[in-house]
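# Fold the following and give me the result.
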Amino acid sequence: AVPPEAILDRAVTTDAEIVTAAKRRNPDVTVGMHICRGNNRSAWMSEGSYEPVAERLFGEVPVDRFLLEYDTERAGGFEPLRFVPDGKTVVLGLVSSKVPQLESQDELLRRIDEAAKYVQMENLAISPQCGFASTSKGNLLTVDEERRKLALVVETAARAWA
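Below is the predicted model of the structure:
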């Protein structure tokens, strides 16, 4: 079996090489990285804090934006964001694309404030935690439910960054 440290090292090194090559080819391109925990038919595949990978991932992969899933407690807390370098954007995936129930806007605003303890507010953003159709069959939401989720993201962003 390959030790987890070796897997992390290979992943971080490969991702950094790919991002560096993309930016070398087009220095004006904005590169983002989404850390997906699974999104097949409203199911998920992994859980746990970003803590074990945060220092290496955030510090060594030269993307402009990290899109992180934080829609449930299975992602852990915001403490790993302390490793995000200044000037990088963290997109907080606080709104679930897996379930139709709308999140509380007050709770979303509270969580944004909590994340702002680790990353400056001007370097934070909000989004759904993942796409609504990461596979051809999509998730178990209707188009109207998806629209309500996206409207909640827009309304929450307008309040948080007013």
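
# quick one: the strands in the chain?
Along the chain, the segments classed as strands by DSSP state E run 32-35, 65-69, 89-95, 124-128.

# Can you say which of these is nearest to residue 142?
Using Cβ to Cβ as the measure, strand 124-128 is the one of the strands of the chain that comes nearest residue 142, at 14.8 Å. (Glycine included, C-beta is placed from N, CA and C.)

# quick one: buried residues of stretch 77-91?
Residues 78, 80, 81, 83, 84, 88, 89, 90, 91 are the ones in stretch 77-91 that count as buried (16 or more other Cβ atoms under 10 Å).

# Same question for stretch 89-103.
So stretch 89-103, judged by 16+ other Cβ under 10 Å, has buried residues 89, 90, 91, 92, 93, 94, 95, 96, 97, 98, 103.

# For the protein, give me the ranges with low pLDDT.
Along the chain, segments meeting pLDDT under 70 span 37-48, 134-139.

# the longest helix in it is where?
The longest helix of the chain (DSSP state H) is helix 4-25.

# Output the contacting helices and strands for it.
Packing partners of helix 4-25 (3 or more Cβ pairs under 8 Å, 6 or more residues apart in numbering; DSSP states H and E): helix 51-60.

# Could you check how far the helix it packs on is from the centre of its chain?
14 Å (Cα atoms, centre = their mean, to the nearest Å).

# What are the contacting residues of that helix?
If you take Cβ atoms under 8 Å, 6 or more residues apart in numbering as the criterion, helix 51-60 is touched by 4, 8-9, 12, 16, 35, 50, 66, 76, 79-85, 88.
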